[in-house]
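S.K.: How does the following fold in three dimensions:
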Amino acid sequence: MQKAIDILNRTIKNSFDIEEIESCAIAIKILIDRMKHKGLFSLSFIDVVCVNYSVNINDLKGKSRKRKIVLPRQIISWYLRYSSDYSLNGIGNIFNQNHATILNSKTNIDNRIDTDKLFRNELELRLNEVGLSIYKVRGY
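M.R.: Numbers count the residues shown, from 1 in each chain. The predicted structure follows:
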């Protein structure tokens, strides 16, 4: 990463060398791919869910059992379980939930995807906003 920053700084200060810019772009792409692989881009999907369900992250971390809060919390738990290396306990710690609650959330969302076409289409739209699909998240 430092190499990419050094190349950018030199390029901006001096002249625009196309090979250095291409090299920098490749380094940045590799960095982004590594971050995606490690689940570090999860926040963008979390933001999309929060905006679309009109909740904030603090609402999701609370103990509320209101449908308005529970559904987005379950969707984000489902997403994190498939797209990151977080354990059930790790995801539970994020939302102040028990690991069994996270497993139940994942199961509920999977069942709704398989049985509720409207829900599946809505979730697919949200995932498309960050360049994903249900099949990519599930690993199909």
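
S.K.: Point out where this structure drops to low pLDDT.
M.R.: Across the chain, the ranges flagged by pLDDT under 70 are 1-43, 140.

S.K.: domain assignment for it?
M.R.: What automatic domain parsing lists as the domains of the chain is 2-37, 42-138.

S.K.: Mean neighbour count, the ones you listed: which tops it?
M.R.: Ranked by mean neighbour count, those are led by domain 42-138 with a mean of 16 (mean count of other Cβ atoms under 10 Å). In short, each C-beta sits where N, CA and C put it, glycine included.

S.K.: hang on, isn't Asn52 packed against Leu127?
M.R.: No - Asn52 is not in contact with Leu127 according to Cβ atoms under 8 Å; the separation is 11.3 Å.

S.K.: just checking, what packs against the helix or strand hosting Ile102?
M.R.: Element membership for Ile102 (DSSP states H and E) is helix 99-115. Under the contact criterion of 3 or more Cβ pairs under 8 Å, 6 or more residues apart in numbering; DSSP states H and E, helix 99-115 touches helix 67-83, helix 88-95, helix 117-128.

S.K.: what does that helix contact?
M.R.: Residues external to helix 99-115 that are found in contact with it (Cβ atoms under 8 Å, 6 or more residues apart in numbering): 73-75, 77-78, 81-82, 87-89, 91-92, 95, 97, 119-120, 123, 134.
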